[in-house]
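**Student:** sharing a model prediction with you, sequence too.
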Amino acid sequence: MRSFRFIARAMVCAAVVLLWVGFSSGQQPGWQAGVAASRITPEAPLWMAGYAARDHAAEGTLHDLWVKALALEDAAGHRAVVVTSDLLGFPRQMYETICEQLEKDCGLRRSQVMLTASHTHCGPVIGRSLSDCYPLDDDQRRLIDRYSQALEKTVIATAKRALGELAPATFWAGGGRTPFAVNRRNYRSQELPPIDQRTEKLEGPSDHSVPVLAIRSPDGRLRAVVFGYACHNTTLADYQWCGDYAGFAQLELEQKHAGAAAMFYAGCGADQNPLPRRSVDLCRQYGQMLAAAVDEALAAPMRRLEPRLATAFAFVRLDFQPPPAEEELNALAAGSNYRARWARRLLGEIERGEPLARSYPYPVQVWRLGTEQLWIALGGEVVVDYPLILKEKFGAEAWVAGYANDVMAYIPSHRVWEEGGYEAGAFEVYGLPSSGWAEGVEERIVACVTRLVGQLGGDASRQEVGGGDSRR
């Protein structure tokens, strides 16, 4: 009995010593990160998304398409997942399905799931997104439905794999710059010389910053790099599956940093194009320029982010202008282009007595990494004015993603809304039952972002805010 008490006393003393050593060495809970990737290149010859002028399905593959997921967990155990994808964008129903399943399986609320897309125009049509744009037959619709259902499962499985790979990590924030984005409201494709031959400052606002998030293992090895850029992925317009310049950038970075995942999200580049364009050589060049900007950031001193994560989400109602009159729809329906298909579909809904929507529940998401790094994610095709406005308001180091969670239409600033033009709405392209947004889009979105940032203020490391979860 005496020897048993001696052994027990010795074990208690050893435990105390181990605890003291842990505290005295300054070890504290840190970030956990997990990364996973899945190939999503279609096997069947699906119709390609992004250009209404295409007249047949894909013909081959220039390089593979991918879905990638980064899972993160802070010192307090708060988790989130960001998904990047070589897709035009996630349609609303797919976003809803993915969020519902990840909440059921993993306990992640909507604010903790960020779905992003590269907005490549060389990826597949998915769901019913932009379905009026394409002259699809029944066979193509069946192929698209089958692929879309498989894609949903792949995104969910990839996110869950990333969560299952959580391991200690450090998070670092920085940024670079690259100048190939051009405001397409001021310039067309053939109006500009190659980028190395330009001598004059270009007109129109752009955002040439490249936000960079580096995830490293405790020994300093790069595990993943997440980066964005505010420019359409529209260098190419052929019939080959491809991630466009963002795909080439990711390939370049993964070749340079063996074992690391390169993850791209589209910034607010709805009115920005890579110019000039329309060749694989140019596409590869822009990808190399973007990869070089990321490498520049990785090589420079970066800000280490404390293991604190706060997430917030809200839907804000954006109103439509009044729906088109039946006389206008009947006139459009006589044609054969995408506007005619849009008009015929709306006329069918009216004939069946289905009410046309008068507003849209627009998704706004804000994350705070560490104590200061804001990551703002906005749905739809957002014009470049938004990051410029939000960075002036919240600091130049704020990151602003577009095409996030649900891509339903172009999102104009007040300036673009007043000027009009394609980026002011293009509702027929996305199938919405109106000719455009009512006034006040910018004011409502910026006010919602401001409210969410305010909710994450102070000691936000344990906060998860989901207010405004309304489908009005």
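**Tutor:** Perfect, thanks for sending it.

**Student:** now the residue most central in space within the chain. Nearest residue, chain neighbours left out?
**Tutor:** For the chain, the residue nearest the mean C-alpha position is residue 116 (2.2 Å; CA atoms, centre = their mean). Excluding its sequence neighbours, the residue lying closest to residue 116 (CB to CB, 6 or more residues apart in numbering) is residue 265, at 3.7 Å. In short, each C-beta sits where N, CA and C put it, glycine included.

**Student:** pLDDT score for the one you found?
**Tutor:** The model reports residue 265 with a pLDDT of 98.

**Student:** what about it, which SS state?
**Tutor:** In the three-state summary, residue 265 is assigned as strand, counting by DSSP: H, G, I helix; E, B strand; the rest coil.

**Student:** I'd say it and residue 83 touch.
**Tutor:** No. Residue 265 is not in contact with residue 83 according to CB atoms under 8 Å; the separation is 9.2 Å.

**Student:** find the residues that touch each one of those two.
**Tutor:** Residues touching both residue 265 and residue 83 (CB atoms under 8 Å, 6 or more residues apart in numbering): residue 116.

**Student:** so where's the stretch 1-150 of the chain uncertain?
**Tutor:** Scanning the stretch 1-150 of the chain for pLDDT under 70 picks out 1-27.

**Student:** can you count the residues close to the nearest residue to residue 284 once chain neighbours are set aside?
**Tutor:** With sequence-adjacent residues excluded and distances taken as CB to CB, 6+ apart, residue 284 is closest to residue 248, at 5.0 Å. Using other CB atoms under 10 Å, residue 248 is surrounded by 24 other residues.

**Student:** cool, the one 4 residues further on as well?
**Tutor:** The burial metric for residue 252, expressed as a neighbour count using other CB under 10 Å, is 20.

**Student:** over to residue 28?
**Tutor:** 10.

**Student:** so is it in a helix, a strand, or just coil?
**Tutor:** coil.

**Student:** now the lengthiest helix in the chain, how far from the chain's geometric center?
**Tutor:** Longest among the helix segments of the chain by residue count, using DSSP state H, is helix 138-164. Distance of helix 138-164 from the chain centroid (CA atoms, centre = their mean, to the nearest Å) equals 17 Å.

**Student:** cool, stretch 66-79 as well?
**Tutor:** A distance of 15 Å separates the centroid of the chain from that of stretch 66-79, by CA atoms, centre = their mean.

**Student:** pull out the buried residues from stretch 179-199.
**Tutor:** 180-185, 187, 192, 195 (16 or more other CB atoms under 10 Å).

**Student:** out of those, which sit inside strands?
**Tutor:** 181-183 (DSSP state E).

**Student:** closest to residue 49 out of these?
**Tutor:** residue 181 (20.8 Å; CB to CB).

**Student:** find the nearest non-adjacent residue to residue 192, please.
**Tutor:** Spatial nearest neighbour of residue 192, excluding adjacent residues (CB to CB, 6+ apart): residue 275 at 4.9 Å.

**Student:** what sits against that neighbour?
**Tutor:** 180, 182, 184, 187-189, 191-192.

**Student:** on that earlier part again, tabulate the buried residues of stretch 179-199 (CSV), appending distance to residue 236 and pLDDT.
**Tutor:** Below are these laid out as CSV (distance: CB to CB, whole Å; pLDDT from 0 to 100):
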residue, distance to residue 236, pLDDT
180, 14, 95
181, 16, 96
182, 16, 95
183, 20, 96
184, 16, 94
185, 21, 93
187, 18, 88
192, 17, 81
195, 17, 85
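
**Student:** what about the residue nearest to residue 116, neighbour count?
**Tutor:** Counted with other CB under 10 Å, residue 265 comes out at 27.

**Student:** show me what it is bridged to.
**Tutor:** Listed beta-bridge partners, residue 265: residue 228 (assigned using DSSP bridges).

**Student:** how close does it sit to residue 448?
**Tutor:** Going from residue 265 to residue 448 by CB to CB, to the nearest Å gives 20 Å.

**Student:** likewise residue 33?
**Tutor:** 29 Å.

**Student:** can you check residue 207 too?
**Tutor:** 20 Å.

**Student:** how about residue 435?
**Tutor:** 24 Å.

**Student:** cool, residue 262 as well?
**Tutor:** 31 Å.

**Student:** please apply the same query to residue 341.
**Tutor:** Counting by CB to CB, the gap from residue 341 to residue 448 is 33 Å.

**Student:** which residues in the stretch 251-400 of the chain form strands?
**Tutor:** Along the stretch 251-400 of the chain, the segments classed as strands by DSSP state E, counting those that start in this stretch run 261-266, 272-274, 303-305, 309-319, 359-369, 373-378, 381-382, 399-401.
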